[in-house]
Every structure is written in structure tokens, then in C-alpha cells.
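Undergrad: with the input below, show me the fold.
(chains A and B)
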Amino acid sequence: MGKIDNATIASSGSNENIIKFDVSNNILQCENLSVNYGEVAAIENVSMGIPKNSIVSLIGPSGCGKSTLLRCFNRMNDLIPQASVKGSVRFFQNEIYSDNVDPTEIRFRIGMVFQRPNPFPKSIYENIAFGPKINGLTDNLDEVVESSLRRAAVWDEVKDRLNESALSISGGQQQRICIARALAVNPEVILMDEPASALDPISTQSIEDLIVELSSEVTILIVTHNMQQATRISDYAAFMLAGEERIGRLIEYGTNEQVFGNPKDSRTEAYVTGRIG
Amino acid sequence: MNMDQNNDLNVARQGFEASLNKLQSDILLLGDLVIQAINKSIHSLKTRNIEKSQEVIKDDDKIDDLETEIQVLCVELIRKEAPLASDLRRIVSALQIVDELERIGDYAEGIAKISVTMGKLVPINELVLIPKMAESSVNMLSKSLESYTLRDFSICSSILEELRSKDKEINAMHKQVQSELLNTIKSDSSKGGEQATYLMWAAHNLERIADRSKNIAERSLFQVTGEIS
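TA: The predicted structure is shown next:
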């Protein structure tokens, strides 16, 4: 895989197991990122770049800080009481934790899809139109709804049911509605936290196909516990692990071929082969 | 990753680990059967022992059966365990190596069949170079299996280098045998020429055994590096 064939892999810095990209090609970049929940450290000193239009999987055992890291990329941790973030997160070279940045705007440009489908208790149409309306878009709403549902590969299944409740359709369809809802505001990045873990194999397959298709226009970061899924869809994978002190750290970040084929770190090898975690 | 680190982490998937170990010991057993077949086929060719040659032909079924058994185990492990990283490389290389070993077994069987076809004919000359080729080929095969078992980058690389050089030596011996036998064919149109033709095939089989032993060393290195050469 490795879509960024011409990515300049710069010097390996302090950790040779972490791939470094040409920063100008990164849509997101975090440096020395640490998160605390009150007194408790959740992740520490995570530095990584996310190349534009790539699919990056975050893998690691439960409690290693994958979701915490994911939420840092669109300031979702701001909504968690006692969460404090240190370090830097840049989106197109702009620091997203600056005082002058509106987190709501960041969350439109960096959308999020959660583990369980969470459509609003409204019609399918209203679910998709919600974001654009909040952004002040009132013209061409029908067009936006249709194109978002098409991009999320669910249009054909729901086009005759747009006024029905989004809660009345299957779990797999609901999850694609949630992806369509995120797409409706034209995000540049979508963060996905185990988006297929609550779905059956067929729905999982359609979500995976969708992720790969979307990656030509959107950058995708996905947390997954499914190693085979991560192997199938990601261009790059980042392995996190919490030690005895329960602080999550980035252990290895590399190409799909490296992380799932021949990891550099013994802990990554042990995790992807199912010896730990 | 070195193997010590790996051993520390092998706390989970013990059943899978046991299956991978069985896979390795089955391959070594297959290798052993194949080496026996080569040695026996050459010895019986040299001593004109048709009964022994027939045993080699019959025993090839055991090699084929064990090959199938190992392939079934590999497919089962892929299906059940969804292997990744070193586990995946071990199973993929096992599938490739088992195929190489089975083909080597066929070459030994081929030599035994040549021996049976030649019957009790007294050899045209004392066989010297062909047994020498066989000895070197068996040595290469043993080394390649050692490489497969050790799974260490520096050892596997150095064994592969050594076998590439040995393979060239065997190719040179093969050319020499071919040239001598061609001279016999040209100068002796009767039984000697016929025998020489048979022996050329035996030498060809040994040259192929050396090639496939080198392939096994390449697959063994792949097991460590993940790089296909």
C-alpha cells in the first residue's frame, strides 16, 4: 500500500521506530502530546505526523490511550471534565489548541464517527442536513444530503426513506448515516473510533470499503482492535502501549507492511501476533 | 526482533505456538525423509541395487503424504489463527519449503527410476562425480534446513551466501559430467551410450536438488526479513 509513495521520510529523530514524513505533506501533526485526566496521565509525549489522504490505524491494547489520542486531533477532549492536553497539535501547520481557535469549527473540519452508531432521533434527511444548517447553509440542502449519502454509499438503500427516523434502519446503515452526517460539512479529516466493532461482517465490509474509497478525498484516522481490519485498510499503523504505570506511549509507527509484516519493536510484534493485549 | 525477546512474550496463544512448533518439526521430518531418499537412490544407482531403488520409489508416497499433511496444517493455521508478522512469515515460508522438499523427493525418486530402468547393466565407468554431486547437494539441503530452523538473520544470510557459492560448484560439476557423458554417447553407440543418457538425467536431477536447496535457504531468510528475493 503506502499511497504517499514520494513521501520524504526525514531523519528518524529520537525514535527510529516512528516513521517521519515531510511535514509539509502532513495534514495533522502532534508533537510531545500528553494528556492527563486530573492527576492521572493517560498518554505521554506522543509525536507523529498524519499524511494527507492516508488511512492511519491506531492499534494497541485497551487502555493504552488510542481513543484519548484520537480525540486530541479535534479537541473532543475539551468536552471531558478534568482532561488537560499538553504539547502541540497542528492542522495544516496551524496549532488547534491556540486560544483563538474555535473548537466547533475544528470539529466540522475534523469530523468524528464513534463505535456505536449515534444518529440523532430525527429523520435521515435531518441527520444529514443538521451540520450544514448549523453552518448557515440553507440553499441546495437536498443536493448536499443526496451527495453526502452517496459518498457514504448508503443513498440507494435510504433514498425512498429520507423522512423516516434514522433509528429505524439497520446498525450498518446507521453507521453509514453517521459517516454521511460527518461528510455533509466537507471535513478534511474523519476520526473513527472503532466504527465497525458493533456491526456484523457484511456491514463491517461495507464500512471498510467506504473508508478506502473516501481516503482519496479525506484523511482517515481509525482506532481499531481488529488487526485484520487494520491490515486490510490502512496505509500506516501506529502501535500504542501502556506500561506498568498505565501511561500510553507510541511504540511504533510505520507502513502497513512494516507494522503487520515485520515490526521493528518486539512489543509491536507481540501485539500484532496476539501474544499480548 | 531477536528470539529471546520473542520468548519472553510468548505467554499467550500457547496452542498456536505449539502448532507452529509442530509445523517446524514436521518440515524437519520431511527434510530427513528426502535426504534419506537422495542418499539411498544414489547408493543404489552406484551399486546397481534395484530392490533399494524400488524402495525409494515406494517411499516417495510417504513424502507426498507428509507434504499434504503439512499443507493442511498450514491452511488450518491461516484459517483459524489469522497470522500476522513473524507468524505469517513462518507459515508462508513453510508452505514454500514443503513444496521445494516434495519436488526434491521427486528428483530422488527420478534417480531411483533411472536406476531401475538401467537394470543390472554394469556401469560404463565407476561413478565418481555423480556421487560427489549428490554429497554436495545433500550437504546444501541440510544447511538450508538448519537455516530454516535457526531463524537468525546473520546465520541465514551467511548460509544463503555459502549455498549460492556451493550451487555454482555443483553447476560446474554438472557441466563436467555432461561433457564426459556426451563424449561417451558420441563414441559409444551401443549400451554405453544408452547408459550415459540415463546418467545425464540423474546428474540433472542432482543439479536441480542443489537449486531447490538454495531456494529453501532463500525462504528461510524470508522468514526472518519478510523480503522476497
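
Undergrad: how about the strands in the chain?
TA: Since you didn't name a chain, this refers to chain A. A:26-37, A:40-51, A:55-59, A:83-91, A:94-95, A:110-113, A:189-193, A:219-223, A:236-242, A:248-255 (DSSP state E).

Undergrad: just put those strands in JSON lines and tack on mean pLDDT and distance to chain B.
TA: C-beta coordinates here come from the backbone N, C-alpha and C atoms, glycine included. As requested, these are exported to JSON lines (pLDDT from 0 to 100; distance: least, C-beta to the nearest C-beta, whole Å):
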{"stretch": "strand A:26-37", "mean pLDDT": "97", "distance to chain B": "26"}
{"stretch": "strand A:40-51", "mean pLDDT": "97", "distance to chain B": "21"}
{"stretch": "strand A:55-59", "mean pLDDT": "98", "distance to chain B": "11"}
{"stretch": "strand A:83-91", "mean pLDDT": "96", "distance to chain B": "29"}
{"stretch": "strand A:94-95", "mean pLDDT": "96", "distance to chain B": "36"}
{"stretch": "strand A:110-113", "mean pLDDT": "95", "distance to chain B": "25"}
{"stretch": "strand A:189-193", "mean pLDDT": "97", "distance to chain B": "21"}
{"stretch": "strand A:219-223", "mean pLDDT": "98", "distance to chain B": "17"}
{"stretch": "strand A:236-242", "mean pLDDT": "97", "distance to chain B": "11"}
{"stretch": "strand A:248-255", "mean pLDDT": "97", "distance to chain B": "11"}
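
Undergrad: where do the helices sit along the stretch 1-150 of chain A?
TA: Secondary structure of the stretch 1-150 of chain A, counting by DSSP state H, counting those that start in this stretch: helices at A:66-72, A:103-109, A:124-134, A:141-151.

Undergrad: contacting residues around residue B:114?
TA: B:45, B:198-199, B:201-202 (C-beta atoms under 8 Å, 6 or more residues apart in numbering or on different chains).

Undergrad: which of the residues you listed sit farthest apart?
TA: Within those, B:45 and B:201 form the most distant pair, 11.0 Å apart (C-beta to C-beta).

Undergrad: quick one: which of the two has more around it?
TA: Remark: of residue B:45 and residue B:201, residue B:45 carries more neighbours, 26 against 16, as counted by other C-beta atoms under 10 Å in any protein chain shown.

Undergrad: within the helices and strands, which one has the more buried one?
TA: helix B:14-47 (DSSP states H and E).

Undergrad: tell me what that helix is packed against?
TA: helix B:50-81, helix B:85-118, helix B:129-150 (3 or more C-beta pairs under 8 Å, 6 or more residues apart in numbering or on different chains; DSSP states H and E).

Undergrad: any idea of the angle the last one forms with helix B:14-47?
TA: Right, the one you point to is helix B:129-150. 170 degrees (axes from the mean of the first three to the mean of the last three C-alpha atoms, to 10 degrees).

Undergrad: average pLDDT for helix B:129-150?
TA: Over the span of helix B:129-150, the pLDDT mean works out to 97.

Undergrad: could I have the CA atoms of that helix written out in PDB?
TA: C-alpha atoms of helix B:129-150 as PDB (Å, rounded to 0.1, in the frame of the first residue of the first chain):
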ATOM      1  CA  LEU B 129      31.400 -37.200 -10.000                       C
ATOM      2  CA  ILE B 130      27.700 -38.000  -9.700                       C
ATOM      3  CA  PRO B 131      28.000 -39.300  -6.100                       C
ATOM      4  CA  LYS B 132      30.100 -36.200  -5.400                       C
ATOM      5  CA  MET B 133      27.300 -34.000  -6.700                       C
ATOM      6  CA  ALA B 134      24.900 -35.900  -4.500                       C
ATOM      7  CA  GLU B 135      27.000 -35.400  -1.400                       C
ATOM      8  CA  SER B 136      27.300 -31.700  -2.100                       C
ATOM      9  CA  SER B 137      23.500 -31.400  -2.800                       C
ATOM     10  CA  VAL B 138      22.600 -33.300   0.400                       C
ATOM     11  CA  ASN B 139      25.000 -31.000   2.300                       C
ATOM     12  CA  MET B 140      23.300 -28.000   0.800                       C
ATOM     13  CA  LEU B 141      19.900 -29.300   1.800                       C
ATOM     14  CA  SER B 142      21.000 -30.000   5.400                       C
ATOM     15  CA  LYS B 143      22.400 -26.500   5.600                       C
ATOM     16  CA  SER B 144      19.200 -24.900   4.200                       C
ATOM     17  CA  LEU B 145      17.100 -26.800   6.800                       C
ATOM     18  CA  GLU B 146      19.500 -25.600   9.500                       C
ATOM     19  CA  SER B 147      18.900 -22.000   8.300                       C
ATOM     20  CA  TYR B 148      15.100 -22.700   8.400                       C
ATOM     21  CA  THR B 149      15.300 -23.900  12.000                       C
ATOM     22  CA  LEU B 150      17.500 -21.100  13.400                       C
END
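
Undergrad: now secondary structure too, for the contacts of residue B:114, in CSV please.
TA: CSV is the format used below for the contacts of residue B:114 (DSSP: H, G, I helix; E, B strand; the rest coil):
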residue, secondary structure
B:45, helix
B:198, helix
B:199, helix
B:201, helix
B:202, helix
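
Undergrad: what sits against the residue most central in space within chain A?
TA: The centre of chain A sits closest to residue A:191, judged by C-alpha atoms, centre = their mean, with a distance of 2.3 Å. With contact taken as C-beta under 8 Å, 6+ apart, residue A:191 is in contact with A:70-71, A:73-74, A:76, A:110-113, A:221-222.

Undergrad: now do the closest residue to it other than its chain neighbours against residue A:221, distance only.
TA: With sequence-adjacent residues excluded and distances taken as C-beta to C-beta, 6 or more residues apart in numbering or on different chains, residue A:191 is closest to residue A:112, at 4.6 Å. Remark: distance between residue A:112 and residue A:221 (C-beta to C-beta, to the nearest Å) = 10 Å.

Undergrad: cool, and residue A:105?
TA: 19 Å.

Undergrad: between the two, which is the more surrounded one?
TA: residue A:221 (27 against 12).

Undergrad: ok, that one touching residue A:71?
TA: No: taking contacts as C-beta atoms under 8 Å, residue A:221 lies outside contact range of residue A:71: 10.6 Å.

Undergrad: where in the stretch 101-250 of chain A is pLDDT low?
TA: By pLDDT under 70, the stretch 101-250 of chain A contains no weakly predicted segment.

Undergrad: give me the number of neighbouring residues for the residue of it found nearest chain B.
TA: Going by C-beta to the nearest C-beta, chain B is nearest to residue A:228 of the stretch 101-250 of chain A, at 5.5 Å. When neighbours are defined as other C-beta under 10 Å, residue A:228 has 12 of them.

Undergrad: can you tell me which residues contact it?
TA: Shown in contact with residue A:228 (C-beta under 8 Å, 6+ apart): residue B:82.

Undergrad: ok, now the one 10 residues further on?
TA: Applying C-beta under 8 Å, 6+ apart, one finds that residue A:238 lies in contact with A:48, A:56-59, A:250, A:252-253.

Undergrad: circling back to that earlier point, any residues in contact with both of residue A:112 and residue A:221?
TA: Shared contacts of residue A:112 and residue A:221, counting by C-beta under 8 Å, 6+ apart, come down to A:190-192.
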